[in-house]
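>>> Coordinates only, no sequence provided:
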């Protein structure tokens, strides 16, 4: 992996794009689940809906939020791991490959 050249505008743009593309799916699904869960928590008071597919909307909202939070945590961990590998010194990488 090549070190980013952050002194140029193109290098910074490429670095930002690279960071945005890490763990896109877990982050996207986690945000969708958190949003859906929050909306389901508000449904009974806002729309006076007390049953959704035979289930209680706040319970569905809590389940969605509990499913979305680990996905966001995984996306953070994947990004941190990628950045550490990307910014690792070339000497360390060569030493690991030699072993």
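That came in fine, so what should we check first? Note that the coordinates shown come from a computational prediction; the quantities given were computed from them, not determined experimentally.

>>> got any ranges where the chain has weak pLDDT?
Applying pLDDT under 70 to the chain picks out residues 1-4, 45-47, 49-53, 89-99.

>>> Strands along that one, start to end?
Read by DSSP state E, the chain holds no strands at all.

>>> now residue 64, nearest residue through space, not along the chain?
residue 37 (3.3 Å; Cβ to Cβ, 6 or more residues apart in numbering). C-beta: built from backbone N, CA, C; applies to glycine.

>>> what's the burial count for that neighbour?
Close neighbours of residue 37, defined as other Cβ atoms under 10 Å, add up to 22.

>>> That one against residue 57, yeah?
No. Taking Cβ atoms under 8 Å as the definition, residue 37 is not a contact partner of residue 57, at 9.9 Å.

>>> any idea how far the spatially most central residue of the chain is from residue 17?
Most central in the chain under Cα atoms, centre = their mean is residue 27, positioned 2.6 Å from the mean C-alpha point. To residue 17, residue 27 is 15 Å away according to Cβ to Cβ, to the nearest Å.

>>> so what's the residue nearest to residue 29 when sequence neighbours are not counted up against?
The shortest distance from residue 29 to any non-neighbouring residue, by Cβ to Cβ, 6+ apart, is to residue 71 (5.5 Å). By Cβ atoms under 8 Å, 6 or more residues apart in numbering, the residues touching residue 71 are 26-27, 29-30, 33.
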